[in-house]
Each structure stands twice: as structure tokens, then as C-alpha cells.
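>>> A predicted structure for the sequence below; I have some questions about it.
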Amino acid sequence: MTEERMGEAFELGEALTVIGRRLRAGDEAPDFALDHFDGDQVRSVRLGDSSGHVRLINTVNSLDTPVCNIETRRWDGIGNDLGADTVLCTISMDLPFAQDRWRTASGTNHLLLSAHKDEAFGCDYGVLLKEWRLLQRAVFVVDPTGLIIHAEYVSDQMMEPDYDAAIAAVAAALSPP
């Protein structure tokens, strides 16, 4: 039975049910296989494809909504400063073709991944919004070995995440003690 967390997400007074276990620092990041449209074809991208790198995973409801648009553009700008050893991706339930349309229109260039085929990613990362069949706004930082070192679940879907906390986690992973 998949865990349902009530009251952990909301928007404009609407309480939302989040499906899946809440991940924490120290947990192993669940692998995934998600779709990416590169302008020519849809290909599958796995978390393991970027093993050995720090991964910053940004999840949003939909790129076509105002807050998700602002947030994803901001991560794209920040992504240039994260360094070559960091892989930045934004994941939504949007179709890969819609993501590519949005990417082209927005002028962004980081990896956009689509979880549209099934709800496995949303359940595994504890970000599936039951009422909307969209992903909760969240940010995960995964170290080069596959451990989560930062996890932020944003309760209010009209708010942006704590960018500075995620950036600090990336910096710590890039320069271990």
C-alpha cells in the first residue's frame, strides 16, 4: 500500500494529498527512467546515467503555470554557476513535446524530463499530487554516489523553493571535507 500524506501540500486553500514516502537526507535516491524530447526523438533518461555527478532535481506541477515557469527559469540561470560536475534537471508530468515547446519559447537549456507515462516517479519521490495527477513542487540534491543530501518539499504550491539551501547542498557535495 502506497503511503498517502494529507495536508502536506496545498494551493489557495485547497488541501492536496501527496502520494509516496517523504524522502530525507541519507536516503538512497530511487532510480527512474523518464522521457526527454531532444528535438528529434524521445529518449529515456535514467538517474543512473549521471552517476558520479551531483544531481539537482527540481520537480514542478507544470511548466505552463506561472510559479513553475519562474522557478524553472531561475534554476536554469543558476545552473550555469553550479559547475560541470552538476546535472540539473526539471521533472514534471507535462508531455515531452510540451516541455520542448516551453524550453524553446523560454530559451532555457537544462534537462527537462517527463514523468507523464506513469506515476512511479511521483510515488517513489513522494511528490505525486493525487487530486491533480501532477507533481508537488520539490527540490532534491543527490550526491555522486546516489544518496540524497538535500530534500525540500514545498507545501504551498504558489511558493518557490529555498534556492540557497539547495545551492549550499550542491556546493557541499562538490567539495567534501
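Here it is on my side, so go on. This structure is a prediction, so every number in the text was calculated from the model and none was measured.
>>> and the nearest residue to residue 117 once chain neighbours are set aside, helix, strand or coil?
In space, and not counting its chain neighbours, residue 117 is closest to residue 35: 6.8 Å by C-beta to C-beta, 6 or more residues apart in numbering. C-betas here are computed from N, CA, C, even on glycine. Under DSSP: H, G, I helix; E, B strand; the rest coil, residue 35 falls in the strand class.
>>> mind exporting the helix of greatest length in the chain as CSV, just the C-alpha atoms?
The longest helix of the chain (DSSP state H) is helix 66-79. C-alpha atoms of helix 66-79 as CSV (Å, rounded to 0.1, in the frame of the first residue of the first chain):
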residue,chain,number,x,y,z
PRO,A,66,3.3,31.0,-13.5
VAL,A,67,5.3,29.9,-10.5
CYS,A,68,6.7,26.8,-12.2
ASN,A,69,7.7,28.9,-15.1
ILE,A,70,9.5,31.4,-12.9
GLU,A,71,11.1,28.7,-10.8
THR,A,72,12.4,26.6,-13.8
ARG,A,73,13.8,29.7,-15.5
ARG,A,74,15.5,30.7,-12.3
TRP,A,75,17.1,27.2,-11.9
ASP,A,76,18.3,27.5,-15.5
GLY,A,77,20.1,30.7,-14.7
ILE,A,78,21.6,29.3,-11.5
GLY,A,79,22.5,26.0,-13.3
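>>> Model confidence score at the residue nearest to residue 117, please.
Here the pLDDT value assigned to residue 35 is 98.
>>> The one 4 residues further on now?
The pLDDT attached to residue 39 in the predicted structure is 87.
>>> and it, what is it in contact with?
Residues in contact with residue 39 (C-beta atoms under 8 Å, 6 or more residues apart in numbering) are residue 100.
>>> How about residue 161?
So residue 161 contacts 58, 71, 137-139, 152, 154 (C-beta under 8 Å, 6+ apart).
>>> So which of these belong to helices?
Going by DSSP H, the helices hold residue 71 from the contacts of residue 161.
>>> got the contacts of residue 161 as a markdown table, with pLDDT and neighbour count columns?
Supplementary listing: the contacts of residue 161 in a markdown table, determined by pLDDT from 0 to 100; neighbours: other C-beta atoms under 10 Å:
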| residue | pLDDT | neighbour count |
| --- | --- | --- |
| 58 | 98 | 26 |
| 71 | 98 | 23 |
| 137 | 98 | 26 |
| 138 | 98 | 22 |
| 139 | 98 | 25 |
| 152 | 98 | 15 |
| 154 | 98 | 21 |
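>>> which one of the contacts of residue 161 is nearest residue 118?
Here the nearest of these to residue 118, counting by C-beta to C-beta, is residue 138; it sits at 18.3 Å.
>>> Please consider this matter closed, and thank you.
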